[in-house]
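In: model the structure of this input:
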Amino acid sequence: MFSVIMYFSLKESTLEHNKQHLKHALMLIELNMLYQDNLEAYASEIHKKTDLRVTMIDGDGVVIAETQADKRTMENHSNRYEIMQANQEDFSCIVRYSKTLQTDFLYVAKKCLYREKPIYLRLSMSLEKTLQDFYSLWAKLVFAFLLVMFLAYYFSRVMSKKIVYDIKQITNFLDEITNKNYTAAIKIRHFYEFLEISLMLKNLVKKLMNREKQKRKYTAKLRLMNKQREDILSAVSHELKNPVASIMGYAQTLEEDLNISLAIRSKFLSKISSNGEKIIQILNRLALSVKLENNDLKIRETDFDLKSLCEEVVANLSLKYKDRDIILRAESTLVRADKTMMELVLINLLDNALKYSETDVELVLEDGLVRVIDKGIGIKPVDIPKVVEKFYRVNKNSWDNSMGIGLAMVSNSLKVHNCELHVSSVYGRGSTFSFDIKEILKQ
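Out: So this is what the prediction gives:
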């Protein structure tokens with residue numbers, strides 16, 4: 001439809017252009033005509049130079065000059081449309097078939113005065129030539145249009161391939177992200193808009209990676225909590241198994257044998273009581289460990305001589321381990337701390353050393369440093385960072401009644417006092433547990 005409209009518009013435009021051309025030519029001919037004596041020769045000269053058909057008609061309609069026909073054979077032109085119209089308007093234009101030359105002509109006429117007499121000047125051109133020019137122009141335009149269409153198609157294909165490439169990069173990247181491959185690369189080559197999208201996607205991936213890391217941390221934390229619960233249950237079960245079994249055994253014996261002697265009954269009841277106290281101690285140690293770890297236990301600071309406390313602890317443990325020697329080397333040292341917690345620290349460190357060694361154990365207090373030294377089996381380097389973790393035991397089958405919370409309690413108790421437990425060990429030769437007391441020294 002557009003091509004048809006363009007065709008007729010262009011054709012009309014071509015005819016209008018030719019009309020204007022003939023009008024300008026008529027005005028120039030009129031200007032020079034006043035100086036001509038022989039109009040027929042003048043018309044012939046114009047035809048030679050412009051290839052236009054020139055006709056001059058007098059006021060009575062008689063042809064006085066004609067360049068493409070014999071004027072003597074031509075009819076009177078007074079009744080021709082272009083002549084009559086020239087009497088009313090400056091220019092008269094018409095497309096009409098010429099019987100003389102037997103082809104369509106575009107006629108443009110103008111009324112003039114030549115030596116005070118009216119004369120009609122008429123220029124005409126064959127539409128056959130005009131249409132040939134038009135068709136030639138139309139062919140060129142059609143060719144140009146087809147060329148533009150071809151180029152548009154070619155460039156659209158090229159652009160389409162580039163767009164498809166960039167979109168493919170984005171979709172592949174999204175597929176990788178869907179499969180949780182957050183290290184996937186995206187390469188946009190052609191369009192800035194797609195580059196912006198890729199940058200936004202990369203920022204989104206960074207957020208997803210952070211969330212994934214947080215998720216993994218949270219999952220690991222949950223697993224650790226579950227493991228700790230399992231360790232607690234396992235440790236508590238292990239610790240309570242022997243005293244509970246003893247209580248049940250003694251109680252069943254008393255229940256089944258009503259004739260048991262008073263001495264044996266008293267002995268069994270004493271065993272039941274001591275095992276009950278052991279259960280209470282186990283539960284109290286577990287509760288204390290939890291409070292220390294959660295910072296829920298308030299310390300009660302007092303001033304005391306740490307050397308005296310060391311002597312008390314050594315004396316008490318010597319009664320428990322009668323066949324072992326605990327060597328104390330200490331100098332008088334005044335400190336301000338929670339005496340109960342510091343006693344707990346010393347008891348656990350010495351008890352731990354005595355259980356893991358079969359020789360003498362040393363407790364040294366000098367130069368603001370407390371050290372517990374044993375010559376036992378020692379600790380492997382890989383296990384040293386783990387010994388202060390709750391429920392961790394280096395050799396899980398070596399202790400009969402340990403939940404693995406002693407060193408964890410020691411570490412937390414020292415942290416409350418701004419001190420830190422240090423462990424050094426040589427596997428197969430022994431270990432040293434120490435802590436600095438400069439933060440709690442009485443100034």
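
In: what about the helices in the protein?
Out: Ranges of helices within the chain are 2-33, 39-50, 81-86, 127-178, 192-256, 262-293, 306-320, 339-356, 406-416, based on DSSP state H.

In: among those, which gets the worst mean confidence?
Out: When the helices of the chain are ranked by mean pLDDT, helix 262-293 comes last with a mean of 72.

In: buried stuff in the top strand by length along the chain?
Out: Secondary structure assigned by DSSP state E gives strand 103-114 as the longest strand of the chain. By neighbour count on 16 or more other CB atoms under 10 Å, the buried set for strand 103-114 is 105-112, 114. (Each C-beta comes from the backbone N, C-alpha and C, glycine too.)

In: ok, now stretch 261-280?
Out: Buried residues in stretch 261-280, counted by 16+ other CB under 10 Å: 268, 271-272, 275, 278-279.

In: neighbouring contacts of the longest strand of the chain?
Out: For strand 103-114, contacts defined as CB atoms under 8 Å, 6 or more residues apart in numbering pick out 15, 18-19, 22-23, 26-27, 30, 33-34, 39, 53, 82-83, 85-87, 90-98, 118-128, 130.

In: contact partners for residue 304?
Out: Taking CB under 8 Å, 6+ apart, we find residue 304 in contact with 334-335, 337, 339.

In: dump the residues you listed to a markdown table, plus neighbour count.
Out: Formatted as a markdown table, those follow (neighbours: other CB atoms under 10 Å):
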| residue | neighbour count |
| --- | --- |
| 334 | 13 |
| 335 | 22 |
| 337 | 27 |
| 339 | 18 |
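
In: now, which of those sits nearest residue 255?
Out: Set against residue 255, the nearest of the contacts of residue 304 by CB to CB is residue 339 (43.9 Å).

In: how about the closest one, what does it touch?
Out: Applying CB under 8 Å, 6+ apart, we find residue 339 in contact with 302, 304, 309.

In: kindly state the beta-bridge partners for the second one.
Out: Read it as residue 304. Beta bridges link residue 304 to residue 335, judged by DSSP bridges.

In: could you give the bridge partners of residue 431?
Out: Beta-bridge pairing of residue 431 under DSSP bridges involves residue 374, residue 425.

In: next one: it from residue 407, what distance?
Out: Distance from residue 431 to residue 407, counting by CB to CB, to the nearest Å: 11 Å.

In: now the helices of the chain in JSON lines, with distance to residue 384?
Out: Shown next, in JSON lines, are the helices of the chain (distance: least, CB to CB, whole Å):
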{"stretch": "helix 2-33", "distance to residue 384": "88"}
{"stretch": "helix 39-50", "distance to residue 384": "115"}
{"stretch": "helix 81-86", "distance to residue 384": "121"}
{"stretch": "helix 127-178", "distance to residue 384": "42"}
{"stretch": "helix 192-256", "distance to residue 384": "19"}
{"stretch": "helix 262-293", "distance to residue 384": "20"}
{"stretch": "helix 306-320", "distance to residue 384": "24"}
{"stretch": "helix 339-356", "distance to residue 384": "13"}
{"stretch": "helix 406-416", "distance to residue 384": "11"}
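
In: to residue 73, which of those lies closest?
Out: Set against residue 73 and scored by CB to CB, those come closest in helix 39-50, at 15.2 Å.

In: by contact count, what packs against that closest one?
Out: In terms of contacts (3 or more CB pairs under 8 Å, 6 or more residues apart in numbering; DSSP states H and E), helix 39-50 is packed against helix 2-33, strand 53-58, strand 63-66.

In: any chance of the ones you listed in TSV, with distance to residue 218 and mean neighbour count too?
Out: Shown next, in TSV, are the helices and strands packed on helix 39-50 (distance: least, CB to CB, whole Å; neighbours: other CB atoms under 10 Å):
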stretch	distance to residue 218	mean neighbour count
helix 2-33	65	14
strand 53-58	100	23
strand 63-66	108	20
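
In: for residue 381, which of the ones you listed is the nearest?
Out: Among these, helix 2-33 sits nearest to residue 381 (CB to CB), with 87.3 Å.

In: return the residue of the chain that is most distant from the centre.
Out: Among residues of the chain, the one most distant from the C-alpha centroid is residue 72; the distance is 94.9 Å, by CA atoms, centre = their mean.

In: distance check, that one against residue 360.
Out: Distance of residue 72 to residue 360, computed by CB to CB: 159 Å.

In: I'd like the buried residues of strand 103-114 as CSV, with pLDDT and distance to residue 187 appended.
Out: Shown next, in CSV, are those (pLDDT from 0 to 100; distance: CB to CB, whole Å):
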residue, pLDDT, distance to residue 187
105, 80, 69
106, 85, 65
107, 88, 70
108, 90, 68
109, 91, 74
110, 90, 73
111, 91, 79
112, 89, 79
114, 87, 84
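
In: from these, pick the one nearest residue 250.
Out: The nearest member of those to residue 250, counting by CB to CB, is residue 106 at 137.8 Å.

In: and the closest one, what are its bridge partners?
Out: The partner residues for residue 106, given DSSP bridges, come to residue 95, residue 125.

In: for it, give its distance to residue 348.
Out: Separation of residue 106 from residue 348 (CB to CB) stands at 123 Å.

In: for residue 123, same thing?
Out: 128 Å.

In: sorry, back to before: what two of the contacts of residue 304 are the furthest from one another?
Out: The most widely separated members of these, counting by CB to CB, are 334 and 339 (12.3 Å).

In: about what we covered before: which of residue 123 and residue 348 has more neighbours?
Out: residue 123 (25 against 21; other CB atoms under 10 Å).

In: what residues are up against the more buried one?
Out: Taking CB under 8 Å, 6+ apart as the test, what residue 123 contacts is 22, 25-26, 29, 52-55, 107-109.

In: let's see it at 10 Å
Out: 21-23, 25-26, 29, 43, 46-47, 50, 52-55, 67, 105-110 (CB atoms under 10 Å, 6 or more residues apart in numbering).

In: now swap in residue 316 and tell me
Out: Shown in contact with residue 316 (CB under 10 Å, 6+ apart): 343, 346-347, 350.

In: no further queries at this time; thank you.
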